[in-house]
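[1] curious how this folds, go ahead:
(one chain, ligands or ions: 1)
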Amino acid sequence: MTEPRANALVITGGTVHTPDGPRQVDVHVAGGVITSVGNDPAPVGASTVDATGMYVLPGAIDVHVHSRDPGFPQKEDFATLTAAAAAGGVTTVIDMPNTVPAVDAAGVLESKAALARGKARVDYGLWGLVRSTTTPDELEGLAAAGAIGFKAYLGYAFSLGHKQVQYSLKLEDPDLEAPPDYGTLARLAPDIARLGLPLVIHAEDPAILRAFARPLESYADLLGSRPAEAEAVAIAAAAEIAGASGVRLHVAHLSSAPGLAAAQEAIRAGAPLSLETCPHYLWLCDEDFGRVGTAMKIFPPVRGARDRDALVDGLRKGTITIVATDHAPHTDEEKAAAFADAPAGSPGVQTLYISSLELASRMGDVWLAPRWVSEAPAALAGLQGSKGTIAPGYDADLVIVDPTQPTRVRPEIMRSKQRHSALDGMEFGFTVREVYLRGSLVAGGRRGRVAGRLVRPARR
Ligand SMILES: [Zn+2]
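    I've put the predicted structure just below:
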């Protein structure tokens, strides 16, 4: 007879996203791990969750979030970020390194991980920062401390006094260290390749941005100041460096048709390149600005309908493999300022899964969505052995979604500190019902006692 097992769980009756496609099977969980996917009898003492009529999906891994923690507690922190993540079916967030102090060394990463430990409701990983002065030893230290990989913000300077990354085209300020450039990437790429970790770039060519800089009085100014060529040029140059060094290069927040074309060209030529885009680039275009307002002020900008359609097509064809959010909240007050003064960024983590399911369903295959938000992100982040798949041995990060109940994005349901998002007012035909992190409920009912923990990549 089977022994009753503590915290054993069976999710029954749902349609499960398995590696072999959608299946009507039960998912058994014990000790936070999936133990079987099939039609085995439930172990004695297991609690049962009836998911009849529901989808059972792997928890999403959002590889691009900004917790603002530490640094900007009025905008967000790990508690509110991960509450929003859990509510939306995101069970792992990978946080960008431009918190304060910026995550440019092992000690900073360790303190940030410790700070998140007491607050996070879902698991979290941390990106390390590439500065123009970063040394191979610093990369090594960050990797040993658990960095998922490294982020280089082309054109973003580093404030020596404030230990902060900031967008600046004026570099005469002696406090600002020169931003990382293609030289930095070429110098460090072989070391990053040796560590087996990915290099993520914010791909906008600074020389082009400098040439087109202007006061941002209107949405047209924003588009004019950050033309798509800047993205295409940066991708082509970085891909050349990736090809030469073998480093796995990942393009964050791809926003344009020319950027996609440059990436396609590089991939055809054999560059080890992966692409991510975000829901705001897939659902919006410049014509929506009148309706959405400053919530749509985002870098790089949401561009024309042609760009949006090209990105949707790139996702459909599998050239773009990852949807992440670039979740970048501010306060609603800051975002309510005049266009020129409103800071750039929008929250997004909570609507990642439902918007992706909607898009995939409109493409005719709803089961593409878990690949974009869970499987492919797990591979990028080096978590492919433990997360992103519903199969025995994997973490029981599971999301139960009702495919018959639509969700309307509105401030009242948002758990981030910034309640107004770029997708405000949109309706998606799915509702996240229950979310399990390593077998414990983190959203949709009485929460279990589980706390988020640091995830570390398997180094390749
Ligand atoms: Zn970002």
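
[2] what residues sit buried inside stretch 220-237?
    For stretch 220-237, burial by neighbour count (16 or more other CB atoms under 10 Å) applies to 222-223, 225-237. C-betas here are computed from N, CA, C, even on glycine.

[3] check contacts around the residue nearest to residue 366 when sequence neighbours are not counted.
    Of all residues not flanking residue 366 in the chain, residue 360 sits nearest, at 4.9 Å (CB to CB, 6 or more residues apart in numbering). Neighbouring residues of residue 360 by CB atoms under 8 Å, 6 or more residues apart in numbering: 366-369, 372.

[4] ok, the buried residues of stretch 220-237 vs residue 296, which is closest?
    residue 222 (9.2 Å; CB to CB).

[5] related to what we said a few turns ago, and the gap between the residue nearest to residue 366 and residue 428?
    11 Å (CB to CB, to the nearest Å).

[6] do the same with residue 381
    25 Å.

[7] of all the buried residues of stretch 220-237, which comes closest to residue 97?
    Nearest to residue 97 among the buried residues of stretch 220-237, with distances taken as CB to CB, is residue 234, at 18.7 Å.

[8] surely that closest one and residue 205 touch.
    Yes - counting by CB atoms under 8 Å, residue 205 is a contact partner of residue 234 at 4.5 Å.

[9] so what sits against both of the two?
    residue 154.

[10] can you tell me the element residue 165 falls in?
    In this assignment (DSSP states H and E), residue 165 forms part of strand 164-167.

[11] list the contacts of whatever helix or strand comes next after that strand.
    As assigned by DSSP H and E, the chain's next helix or strand after strand 164-167 is strand 176-177. Strand 176-177 is contacted from outside by 131-133, 157-160, 166, 168, using CB under 8 Å, 6+ apart.

[12] what sits closest to residue 312 if chain neighbours are left out?
    Going by CB to CB, 6+ apart, residue 312 has residue 282 as its nearest residue, at 5.7 Å.

[13] what's near enough to touch the one you found?
    By CB under 8 Å, 6+ apart, the neighbours of residue 282 are 308, 311-312, 315, 323, 355, 359.

[14] the bottom helix or strand of this protein by mean pLDDT?
    strand 164-167 (a mean of 90; mean pLDDT, DSSP states H and E).

[15] please report phi then psi for the residue nearest to residue 140 when sequence neighbours are not counted.
    Spatial nearest neighbour of residue 140, chain neighbours left out: residue 195 (6.9 Å); criterion: CB to CB, 6+ apart. Main-chain torsions, residue 195, degrees, to the nearest 10: phi -70, psi -10.

[16] residue 381 and residue 428 - which one has more neighbours?
    residue 381 (26 against 21; other CB atoms under 10 Å).

[17] any idea how far the closest residue to the more buried one other than its chain neighbours is from residue 440?
    Nearest residue to residue 381, sequence neighbours excluded (CB to CB, 6+ apart): residue 148, at 5.0 Å. Distance from residue 148 to residue 440, counting by CB to CB: 23 Å.

[18] higher neighbour count, those two?
    Legend: neighbour count by other CB under 10 Å for residue 148 and residue 440, higher for residue 148 (26 against 17).

[19] can I assume the more buried one sits in a helix?
    No - Residue 148 sits outside any helix when classified using DSSP: H, G, I helix; E, B strand; the rest coil, being coil.

[20] report the buried residues of whatever helix or strand residue 309 lives in.
    Element membership for residue 309 (DSSP H and E) is helix 305-317. Neighbour counts using 16+ other CB under 10 Å place 307-308, 310-312, 314-316 of helix 305-317 among the buried residues.

[21] state the mean pLDDT of it.
    Averaging pLDDT along helix 305-317 yields 98.

[22] again, but for stretch 328-338
    96.

[23] identify the residues contacting that stretch?
    66, 68, 74-76, 294-295, 297-298, 342-348, 416-420.

[24] convert the C-alpha atoms of that stretch to PDB, please.
    C-alpha atoms of stretch 328-338 as PDB (Å, rounded to 0.1, in the frame of the first residue of the first chain):
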ATOM      1  CA  ALA A 328       9.100  48.400 -15.500                       C
ATOM      2  CA  PRO A 329       6.800  50.200 -13.100                       C
ATOM      3  CA  HIS A 330       6.900  53.700 -11.900                       C
ATOM      4  CA  THR A 331       4.300  55.400  -9.700                       C
ATOM      5  CA  ASP A 332       1.000  56.300 -11.300                       C
ATOM      6  CA  GLU A 333       1.700  60.000 -10.300                       C
ATOM      7  CA  GLU A 334       5.100  59.900 -12.100                       C
ATOM      8  CA  LYS A 335       3.400  58.400 -15.200                       C
ATOM      9  CA  ALA A 336       0.600  61.100 -15.100                       C
ATOM     10  CA  ALA A 337       3.200  63.800 -15.700                       C
ATOM     11  CA  ALA A 338       3.400  65.600 -19.100                       C
END
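
[25] what comes up buried for that stretch?
    In stretch 328-338, counting by 16+ other CB under 10 Å, buried: 328-330, 334-335.

[26] go on, stretch 408-418?
    409, 414-418.

[27] can you list the weak-confidence ranges in the stretch 101-250 of the chain?
    169-170 (pLDDT under 70).

[28] would you map the helices across it?
    106-117, 136-145, 182-195, 206-212, 219-225, 228-245 (DSSP state H, counting those that start in this stretch).

[29] to residue 36, which of the ones you listed lies closest?
    Nearest of the helices of the stretch 101-250 of the chain (CB to CB): helix 106-117, 31.0 Å.

[30] how far off helix 136-145 does the closest one point, in degrees?
    30 degrees (axes from the mean of the first three to the mean of the last three CA atoms, to 10 degrees).

[31] not counting its own residues, what contacts helix 106-117?
    Here helix 106-117 has contacts from 67, 69-70, 78, 95, 99, 101-103, 124, 126, 128, 138, 141-142, 144-147, 451-454, using CB under 8 Å, 6+ apart.

[32] from those residues, keep the buried residues only.
    Buried among the contacts of helix 106-117 (16+ other CB under 10 Å): 67, 69-70, 78, 95, 99, 101-103, 124, 126, 128, 138, 141-142, 145-147, 451-452, 454.

[33] quick one: distance of stretch 135-150 to the chain centre.
    Centroid separation for stretch 135-150 versus its chain: 20 Å, with CA atoms, centre = their mean, to the nearest Å.

[34] now tell me what touches it from outside.
    Stretch 135-150 has contacts (CB under 8 Å, 6+ apart) with 63, 94, 103-106, 109-110, 113, 125-130, 188, 191-192, 195, 197-200, 248, 250, 380-382, 454-457, 459.

[35] how many residues are close by residue 361?
    17.

[36] check which helix or strand it maps to.
    helix 352-362.

[37] render the CA-only coordinates of that helix in CSV, please.
    The C-alpha coordinates for helix 352-362 follow below in CSV (Å, rounded to 0.1, in the frame of the first residue of the first chain):
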residue,chain,number,x,y,z
LEU,A,352,2.1,38.0,-19.6
TYR,A,353,0.3,34.7,-19.6
ILE,A,354,-3.2,35.7,-20.5
SER,A,355,-2.1,38.0,-23.3
SER,A,356,0.2,35.3,-24.7
LEU,A,357,-2.6,32.7,-24.6
GLU,A,358,-4.9,35.1,-26.4
LEU,A,359,-2.3,35.8,-29.1
ALA,A,360,-1.5,32.1,-29.5
SER,A,361,-5.1,31.2,-29.7
ARG,A,362,-5.7,33.8,-32.5
